[in-house]
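1. here are the coordinates; sequence isn't available:
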């Protein structure tokens, strides 16, 4: 039962109390995690494991794309990157190609690290609120 699982309670509380910027960071980290598990599935020749986790990563990237705030021009650039990553995840899943997943992971890590820096700058007051510009 989920209510008796301390880890599930912690995770639910962490999500419920997270800022939009922290939620975006969690999405990037989740997509990276599922790509890594997908790579392991391919290495183990476990087709179902790789498929399930690539699909989870793809769903997260789709969610990131859907939450873009298009009243800011930078959103179009992010949308193009997310569309590319979705296509590459689809290719990786069809071919069970870990090199494609590693490429996607490289992009996701770069975006995550950039997002962390944006959050740091916002927290320290070094920048205006770009998080609000990207999120709907």
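-> Now that the structure is in, tell me what you want to look at. Keep in mind that this is a model prediction, so the values were computed, not measured.

2. so what's residue 53 up against?
-> For residue 53, the contacting residues are 34-35, 37-38, 41, by CB atoms under 8 Å, 6 or more residues apart in numbering. C-beta here means a position set from N, CA and C on the backbone, and glycine is covered the same way.

3. how about the helices in the chain?
-> Under the criterion DSSP state H, the chain carries helices at the ranges 6-16, 20-43, 47-66, 74-95, 98-124, 130-134.

4. one step back: go through the contacts of residue 53 and say which is closest to residue 79.
-> Nearest to residue 79 among these: residue 35, at 19.9 Å, using CB to CB.

5. neighbours around that closest one, how many?
-> 31 (other CB atoms under 10 Å).

6. any idea which residue sits dead centre in this structure?
-> The chain has residue 28 as the residue nearest its centroid, 2.7 Å off, counting by CA atoms, centre = their mean.

7. Format the helices of the chain as JSON lines; extra columns: mean pLDDT.
-> As requested, the helices of the chain are arranged in JSON lines below (pLDDT from 0 to 100):
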{"stretch": "helix 6-16", "mean pLDDT": "74"}
{"stretch": "helix 20-43", "mean pLDDT": "96"}
{"stretch": "helix 47-66", "mean pLDDT": "98"}
{"stretch": "helix 74-95", "mean pLDDT": "97"}
{"stretch": "helix 98-124", "mean pLDDT": "95"}
{"stretch": "helix 130-134", "mean pLDDT": "54"}
